[in-house]
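Student: Pasted the sequence and its predicted model underneath.
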Amino acid sequence: MKYSDGFWLNKPGYNVNYATQMYEIEADEYSVTVYATNQWISNRGMTLGGPMLTVRFSSTLENCIKVTINHFKGAMKKAPSFELYEDLSFKPQISRTSDGWELVSGKTKVKIGSQGSGWDVSYWYGDRQLTKQGWRTTSLIEEDEWLTRQKAASDTGERFYAKSESGAGTYIREMLNISVGEYIYGFGEKFSSFVKNGQTVEVWNNDGGTCSEQSYKSIPFYVSSNNYGVFVNHPEKVTFEVASETVSKVAFTVEGQHLEYYLFGGETVADVLKGYTSLTGKPALPPAYTFGLWLSTSFTTNYDEETVTSFIDEMERRDIPLEVFHFDCFWMKEFQWTSFVWDNRMFPDPKGIIQRLKQRGLKVCVWINPYVGQRAPIFDMCAEKGYFIRKKDGSVFQTDLWQPGLAIIDFTNPEARAWFAGKIRELAEMGVDAVKTDFGERIPTDVAYFDGSDPFRMHNYYTFLYNKTVFEALRDVKGMNNACLFARSATAGGQQFPVHWGGDCFSNYESMWETLRGGLSLCLSGFGFFSHDISGFEATGTPDLYKRWTAFGLMSTHSRYHGNSSYRVPWNFDEESCDVSRHFVKLKGRLMPYLFANAVNTHKTGVPMMRAMVVDFGYDRAALTVDTQYMLGDSLLVAPVFSEDGVCSFYLPKGGVWTDIQSGEQLDGGSWYTKKYDYFGLPLYAKPNSIIVYGNFEKTVEYDYTDGMKIVVYGLDDGSTAECEVFSKEAEPAAQIKAVRSGSTITVTVSGTDKPFTVESAQGLKTEIVRA
């Protein structure tokens, strides 16, 4: 939200009160509190009135500074709030200095000016400044209409308590400096330009597809190329001006009397993401099977058991290994979503078809949303029991958008939530393995919730309760590390319930790139795994696009063929599409020892498995803005081909020799390259000084990753060491591998397994094997 008219003036209608003087500063063993006036106090008479901002600096996690800004502390506190994993007993180091105060948490600290001085706050990691604040940054903003009413109230004796408590017409805005050459990323799944400098970002979930500035997954968190991150602890709408109003600042604003945020410092962006996910939750580990190929019925196509069986038969005949079959909306009758009742016209024996699919080694996923159409057989019961969100007059909120007369489940009602979870457990007990949790973005605000939650705060937060309910119900039946969603909407903390996919994209190269940008932004916002509809959702793409997107899709963490009005089976495009699909499905299957080890690491650390180049190569300035490629795990660079002519430009960061894992070509880092690829190729480069373990894949990605594994050492410099670990499909440590180069010999030590394996050097160097 922009309030200024250039630098010196404000827009008409707004009164901006900046934190100007650090009038008084107090400290205790946990915090430093600054009482900031909006003017320089030169005599007692200037203390008669306000406003004054109370700004408290504390820390509840290592390398994290918590900042709490209050105008009226007595303003009503409203639910819901994000579920955070704070250590309230954590004690930072607090000291008084010659220049003011310092609060230190790990290597991250905040420096606060001295009492009586001007507003002066800076954030540091060790001796490196992260960002700072000063003149005309932190502020209270009030609408003039509200000020006029306040004055009128004081004249007439009226008191506008409701207005004051709600904070309407009042905003708190914070500004943090952007240094020279600094880039800002994140804010959730944003399909706009990857680098967010110059953009206005609204954290407000919407169902807007991938071609707009709207987002299914809006996260009030950003990271900087200067290796810090900022999380604004507000589930309601947060507006960010990223070098788009004051061009040297990130400004963020919330409505009301209170603003709270956390600043994370680190050596790298990866460190920052570790800290952020320690606060908001680590991604759960998706089961190993989820990394295989998913095939969908598509959305509005006609299908029954015969259609489903024919797809699976043909995939098997063509030797394209399939892991999951997904039933989209029409497993239920039209007009009745979500009734949890199978359409017996198409699927007269639902339990039987599920069992027949599972006998073929397949997992099963079904679609749901948190809405119930008026024609659904469960509608009346849900309405009578109070399971729906209601209007403020007590009637059920209904709309004809999406399903005629649909109502929305109220997950703040414990009974409604338990009922919904029970329906998910019934599906899981029937044999369903995963659930696609669609929608959850268009949540109304002029409504009332069972527990009294603020509808404005619930708009974004609703999806957290929805996805958590489904995920936990699946986990109850399937067990730990065996629950999986295919979710579209999310808010902060939603990374705990993977997997997430990119929503409705068009079948063209521009949308393919939008999808990647959205995924890169999402995975810089705490999310570890990302998928998308291969070849696009809307319309039907060309065979050329299908083959290029197949390579991109199979070299993503999770891979699904899905569309709107046409089947996305490869033979519907051309014969070569079948060959390309087979090639990349099998390549991904062979990469499972490497991929699953990285998935386990993501689960443990919060560092995303699919990530932008800035996460690993922040030291290389040329890598900071690259948005047409990514790292899949810690050692494999992927650059999708986005053109019909097969030409692809990609950047290999500084630091040694990169190796194409398919062709064996070796290229020096620190340069851009442009090459042409057939449909079986794309830039797929192993990082220098790395190890990638390939498995003995046959038909399923669930296999013994150590039995017959091939250990390949890439670009190892003389005197250098590379290490990696292999896990079982149950996520237990299965093998530890260490490679050391001395001259022209690489010694590879393998421990933890007695299974057979092979070792090779991509450089053609001599290898010696040591079993430990």
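Tutor: That came through fine. Remember, predicted model here, so these are calculated numbers, not experimental data.
Student: Could I get the full set of helices for the stretch 151-300 of the chain?
Tutor: 161-166, 269-280 (DSSP state H, counting those that start in this stretch).
Student: Pick out the shakiest of the ones you listed, pLDDT-wise.
Tutor: Least confidently modelled of the helices of the stretch 151-300 of the chain is helix 161-166, at a mean of 37 by mean pLDDT.
Student: Can you give me the end-to-end span of stretch 1-21?
Tutor: 25 Å (C-alpha to C-alpha, to the nearest Å).
Student: any weak-confidence spans in the chain?
Tutor: 146-168 (pLDDT under 70).
Student: all strands of the stretch 601-750 of the chain, in order?
Tutor: Taking DSSP state E, counting those that start in this stretch, the strands of the stretch 601-750 of the chain run over residues 610-611, 630-632, 636-638, 647-652, 657-660, 666-668, 671-676, 684-686, 690-694, 709-714, 721-727, 733-742, 745-751.
Student: quick one: strands adjacent to the shortest one?
Tutor: Going back to what we said before, that points to strand 610-611. strand 630-632 (antiparallel) (DSSP bridges).
Student: Please enumerate residues in contact with the strand it pairs with?
Tutor: By C-beta atoms under 8 Å, 6 or more residues apart in numbering, the surrounding residues in contact with strand 630-632 are 516, 519-520, 555-557, 595, 598, 609-613, 615-616, 637-638, 687. In this view, the C-beta of every residue, glycine as well, is placed from N, C-alpha and C.
Student: Same check on stretch 384-404?
Tutor: Stretch 384-404 has contacts (C-beta under 8 Å, 6+ apart) with 335, 337, 369, 371-375, 381-383, 405-410, 413, 415-416, 419-420, 439, 442, 444, 446-450.
Student: These in helices, which ones?
Tutor: Of those, the ones assigned to helices by DSSP state H are Met381, Cys382, Ala383, Glu415, Ala416, Trp419, Phe420.
Student: And the furthest pair within the residues you listed?
Tutor: Ala383 and Phe420 (14.5 Å; C-beta to C-beta).
Student: Can you get me a residue count around the closest residue to Val232 other than its chain neighbours?
Tutor: Spatial nearest neighbour of Val232, excluding adjacent residues (C-beta to C-beta, 6 or more residues apart in numbering): Pro220 at 4.0 Å. When neighbours are defined as other C-beta atoms under 10 Å, Pro220 has 28 of them.
Student: now for stretch 370-382, what's the gap between its first and last residues?
Tutor: OK, stretch 370-382 end separation, C-alpha to C-alpha: 12 Å.
Student: neighbouring contacts of that stretch?
Tutor: 335-341, 387-388, 398, 402-409, 411, 416, 419-420, 437, 439-440, 462, 466.
Student: Name only those of these that count as buried.
Tutor: Among the contacts of stretch 370-382, the ones that count as buried by 16 or more other C-beta atoms under 10 Å are 336-340, 387-388, 398, 403, 406-409, 411, 416, 419-420, 437, 439-440, 462, 466.
Student: Looking at those, which are in strands?
Tutor: Residues of the buried ones among the contacts of stretch 370-382 located in strands (DSSP state E): Ala407, Ile408, Thr437.
Student: Let me know whether the second one touches Ile443 as I believe.
Tutor: Yes: the pair Ile408 / Ile443 is scored as a contact, 6.9 Å apart, by C-beta atoms under 8 Å.
Student: Can you give me the first-to-last residue distance of stretch 236-250?
Tutor: 19 Å.
Student: and what of stretch 628-639?
Tutor: End-to-end distance of stretch 628-639 (C-alpha to C-alpha): 6 Å.
Student: Distance from that stretch to the middle of the chain?
Tutor: Here the centre of stretch 628-639 is set off from its chain's centre by 17 Å, with C-alpha atoms, centre = their mean, to the nearest Å.
Student: Could you do stretch 483-496 as well?
Tutor: In terms of C-alpha atoms, centre = their mean, the gap separating the centre of stretch 483-496 from the centre of its chain is 8 Å.
Student: can you check stretch 694-702 too?
Tutor: 28 Å.
Student: Please work out which residues outside it touch it.
Tutor: So stretch 694-702 is contacted by 288-289, 291-292, 321, 323, 361, 586, 588-594, 703-705, 707-710, 712, 729 (C-beta under 8 Å, 6+ apart).
Student: Give me the PyMOL select line for those, limited to the buried ones.
Tutor: Of these, the buried ones can be selected in PyMOL as follows, counting by 16+ other C-beta under 10 Å:
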select buried, resi 288+289+291+292+321+323+586+588+589+590+591+592+593+594+703+705+709+712+729
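Student: which stretch among the strands of the stretch 601-750 of the chain comes nearest Leu357?
Tutor: Of all the strands of the stretch 601-750 of the chain, strand 721-727 sits nearest to Leu357, with 27.1 Å by C-beta to C-beta.
Student: What is that closest one packed up against?
Tutor: Using 3 or more C-beta pairs under 8 Å, 6 or more residues apart in numbering; DSSP states H and E, the elements in contact with strand 721-727 are helix 592-605, strand 690-694, strand 733-742.
Student: Pull up the pairing partners for it, direction included.
Tutor: strand 733-742 (antiparallel).
Student: Just want the angle from the partner strand to helix 592-605.
Tutor: Between strand 733-742 and helix 592-605, the angle comes out at 100 degrees (axes from the mean of the first three to the mean of the last three C-alpha atoms, to 10 degrees).
Student: Give the burial count for Lys436, as a bare number.
Tutor: 25.
Student: quick one: contacts for the residue lying closest to it once chain neighbours are set aside?
Tutor: Distances taken as C-beta to C-beta, 6+ apart place Phe486 nearest to Lys436, at 4.0 Å, with adjacent residues excluded. Shown in contact with Phe486 (C-beta under 8 Å, 6+ apart): 294, 326, 365, 434-437, 499-501, 531, 558, 560.
Student: I'd like the distance between Phe486 and Arg560.
Tutor: Separation of Phe486 from Arg560 (C-beta to C-beta, to the nearest Å): 7 Å.
Student: Find residues that contact each of these two.
Tutor: Trp294, His326, Trp501, Ser531.
Student: CSV please, covering these and showing distance to Gly695 and secondary structure.
Tutor: Output for those, formatted as CSV (distance: C-beta to C-beta, whole Å; DSSP: H, G, I helix; E, B strand; the rest coil):
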residue, distance to Gly695, secondary structure
Trp294, 20, strand
His326, 25, strand
Trp501, 25, strand
Ser531, 21, strand
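Student: now, among those residues, which is nearest to Gln214?
Tutor: Nearest member of the shared contacts of Phe486 and Arg560 to Gln214, counting by C-beta to C-beta, is Trp501, at 16.2 Å.
Student: residues touching the residue lying closest to the closest one once chain neighbours are set aside, list them.
Tutor: Nearest non-adjacent residue to Trp501, counting by C-beta to C-beta, 6+ apart: Ser531, 4.2 Å away. Contacts for Ser531 (C-beta under 8 Å, 6+ apart) come out as Phe486, Val499, His500, Trp501, Gly502, Gly553, Ser556, Thr557, His558, Ser559, Arg560.
Student: who wins for most neighbours among those residues?
Tutor: Neighbour counts for the contacts of Ser531 (other C-beta under 10 Å) peak at His500, which has 31 neighbours.
Student: quick one: that one from Ser215, how far?
Tutor: In terms of C-beta to C-beta, His500 sits 12 Å off from Ser215.
Student: ok, back up a step: tell me the one among the ones in strands among the buried ones among the contacts of stretch 370-382 nearest to Phe757.
Tutor: Closest to Phe757, out of all of those and judged by C-beta to C-beta, is Thr437, at 39.5 Å.
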